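S.K.: Could you look at this predicted model? Sequence included:
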Amino acid sequence: MTDATETGLPRAVAIAWGMHEVPQRGPSRGLSHERIVEAAIEIADAEGLAAVTMQAVTRSLGFTTMSLYRYVSGKEELLWLMQDAALSVPETLELPSDWQEALRDWADMVRHAYRDHPWVLEIPRGPISVLMPNSIRAADHGLAAMKDLPLEADEKIGLILVISQHVASVVELEQNLAATGNVAVTAEGARTLAEVVTPERFPHLEPVMQSGSYVISEVPVVETDEGVESEYDLGLDLIIAGLEQRVRSAEED
């Protein structure tokens, strides 16, 4: 069960909003929630999320593990605080008047937040996450982008979730591709694949593979910064196109 405060809010939420009382006495008085979270983020940035343990954090701060438990109840609570602090979004966001462009700018903002600390994608998001300050701020910016659309509030929130998931998936794909690198299939390898990927077995995919769109053939690889930009843009294009149709239907009703 999640630790809750007297107000009924989860402790992690109260801490993130600065509503949880900070210990005033004892050997850990030199600590703070901010210092703890900052130290944990530094470890995750340098060594990955798996390296973040209560022992590693306190060791980096020069305190005992028991001191840390006066501020956070455990690693799960620490991860929620790290997630929110890492996914920092600006207090204010200037958005274009055109809602399509505003949504694209909002999606880019979310994407930059994930790219700065991609390990946050390893932390599950749920009811506690959406109550955190940066999640609330990001949602407010997203609603601002859609303020003139004739949609119900739950539809707008649904769109925020859909676009956020698309952005997170693309960032995760970028990380996976960066970790594995390119695989260039030689002409001999392509012929070997052609023996198993036949038109009879895979009538729809086989032509795509023959065109070179499914795997990289033996061609000089030109390094670019494009990455998965086309997939990112395609996803947003499809979401916005569907939203445009939804808006037209709403206006006709």
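M.R.: Perfect, thanks for sending it.
S.K.: Sketch out the strands for this protein, chain order is fine.
M.R.: For the chain, strands defined by DSSP state E do not occur.
S.K.: Show me the domain layout of it.
M.R.: 11-86, 99-181+225-252 (automatic domain parsing).
S.K.: Just give me the neighbour total for residue 13.
M.R.: 26 (other Cβ atoms under 10 Å). No exception for glycine: its C-beta is placed from N, CA and C like everyone else's.
S.K.: Run through the stretch 101-250 of the chain and note the low-pLDDT ranges.
M.R.: 181-184, 215-227 (pLDDT under 70).
S.K.: Tell me which of the domains of the chain approaches residue 213 most closely.
M.R.: Residue 213 sits nearest to domain 99-181+225-252 of all the domains of the chain, at 11.5 Å, using Cβ to Cβ.
S.K.: Run the chain-centre distance for that closest one.
M.R.: With Cα atoms, centre = their mean, to the nearest Å as the basis, domain 99-181+225-252 stands 9 Å off its chain's centre.
S.K.: Just the terminal-to-terminal distance for it.
M.R.: 19 Å (Cα to Cα, to the nearest Å).
S.K.: can you list the domains of the chain in JSON lines and add distance to residue 207?
M.R.: As requested, the domains of the chain are exported to JSON lines (distance: least, Cβ to Cβ, whole Å):
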{"stretch": "domain 11-86", "distance to residue 207": "40"}
{"stretch": "domain 99-181+225-252", "distance to residue 207": "20"}
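S.K.: Tell me the buried residues in stretch 189-203?
M.R.: By neighbour count with 16 or more other Cβ atoms under 10 Å, stretch 189-203 contains the buried residues 190, 197.
S.K.: Restrict that stretch to CA atoms and write it as CSV.
M.R.: Provided in CSV are the C-alpha atoms of stretch 189-203 (Å, rounded to 0.1, in the frame of the first residue of the first chain):
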residue,chain,number,x,y,z
GLY,A,189,22.3,-12.4,-46.2
ALA,A,190,19.4,-10.9,-48.2
ARG,A,191,19.4,-13.9,-50.5
THR,A,192,19.3,-16.2,-47.4
LEU,A,193,16.4,-14.3,-46.0
ALA,A,194,14.6,-14.5,-49.3
GLU,A,195,14.5,-18.3,-49.0
VAL,A,196,12.4,-18.1,-45.9
VAL,A,197,10.6,-14.7,-46.3
THR,A,198,8.7,-15.8,-49.5
PRO,A,199,5.6,-14.2,-51.2
GLU,A,200,3.7,-17.4,-50.3
ARG,A,201,4.4,-17.2,-46.6
PHE,A,202,4.5,-13.5,-46.2
PRO,A,203,2.6,-12.0,-49.1
